[in-house]
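Engineer: Provide a 3D model corresponding to the input given below.
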Amino acid sequence: MLSGNKFVVYQGFGSQLLHALINFMRAENNKRGYYLFDTPYLVNVHNLYNTGQFHKFQDNLYKIEDSNFYLLPTAEVSLVNLYQNQILPEENLPLNLCAYSPCFRAERMAAGQENKGLIRLHQFHKVELVKIVEPTSSCQELEKLVADARHILHLLKIPHRVVELCVGELGFSAAKQCDIEV
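Structural biologist: A predicted model of the protein is given here:
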């Protein structure tokens, strides 16, 4: 056993497919106006607070012992923090950002749940889209972001649905959130 439950090994065609999908998503999102990034897989606690991720994932984060670093729960943390402590000119907005990263979560909230397939893993792969926009256009830009994410699913002919989360399901830093269920 390499790592235990909730970890996977991709081999042969599975490994090729994983990287082909990552490259396909990055290329398609770049065509749609997203700027590509590769960011560190370790972030400090300040970066997690800045994006509202520390409270959301606090019980599911992997902390590097005797340090201020955590393994990345989502590339959103890195992408948003690229612009921390900066004033961005209106004419440069929106910023459309895209990054691939492995993500690491303890998934303690799913303890005792039996799941089939590749969900609720401790390490998983994700291509993340982030938009930094003017507050007045945030709702319209969220709609565009969801459309951009769905574009990939349409190209791959993958059935899905969009679910708008109710207020009780939102994190404290979110005004609106949609999940795309595949």
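Engineer: V163: what's its closest spatial neighbour, skipping adjacent residues?
Structural biologist: Closest residue in space to V163, ignoring its immediate chain neighbours: D179 at 4.9 Å, by Cβ to Cβ, 6 or more residues apart in numbering. Backbone N, C-alpha and C define where each C-beta goes, glycine included.
Engineer: Check the secondary structure at the one you found for me.
Structural biologist: strand (DSSP: H, G, I helix; E, B strand; the rest coil).
Engineer: Now that we're looking at it, what pLDDT does it have?
Structural biologist: For D179, the model assigns a pLDDT of 90.
Engineer: show me what contacts it?
Structural biologist: 162-163, 165 (Cβ atoms under 8 Å, 6 or more residues apart in numbering).
Engineer: Now the buried members of the residues you listed.
Structural biologist: Neighbour counting with 16 or more other Cβ atoms under 10 Å marks none of the contacts of D179 as buried.
Engineer: Dump these into a markdown table; add secondary structure, pLDDT and distance to F24 as well.
Structural biologist: Shown next, in a markdown table, are the contacts of D179 (DSSP: H, G, I helix; E, B strand; the rest coil; pLDDT from 0 to 100; distance: Cβ to Cβ, whole Å):
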| residue | secondary structure | pLDDT | distance to F24 |
| --- | --- | --- | --- |
| V162 | strand | 96 | 21 |
| V163 | strand | 94 | 25 |
| L165 | coil | 89 | 28 |
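Engineer: right, and P94 touches K131 too?
Structural biologist: Yes: applying Cβ atoms under 8 Å, one finds P94 in contact with K131, separated by 5.1 Å.
Engineer: what touches both of these two?
Structural biologist: E141.
Engineer: Which element is encountered next along the chain beyond the worst-scoring helix or strand of the chain on mean pLDDT?
Structural biologist: Ranking every helix and strand in the chain by mean pLDDT, DSSP states H and E puts helix 53-57 at the bottom, with a mean of 71. Helices and strands here follow DSSP states H and E; after helix 53-57, the next one along the chain is strand 69-71.
Engineer: quick one on the thing from earlier: out of the contacts of D179, the closest to S15 would be?
Structural biologist: V162 (30.3 Å; Cβ to Cβ).
Engineer: Can you spell out which residues form a bridge with that closest one?
Structural biologist: I180 (DSSP bridges).
Engineer: With Y35 instead?
Structural biologist: Y35 forms beta bridges with L97, as assigned by DSSP bridges.
Engineer: now the helices for this protein?
Structural biologist: 13-31, 45-50, 53-57, 76-81, 138-155 (DSSP state H).
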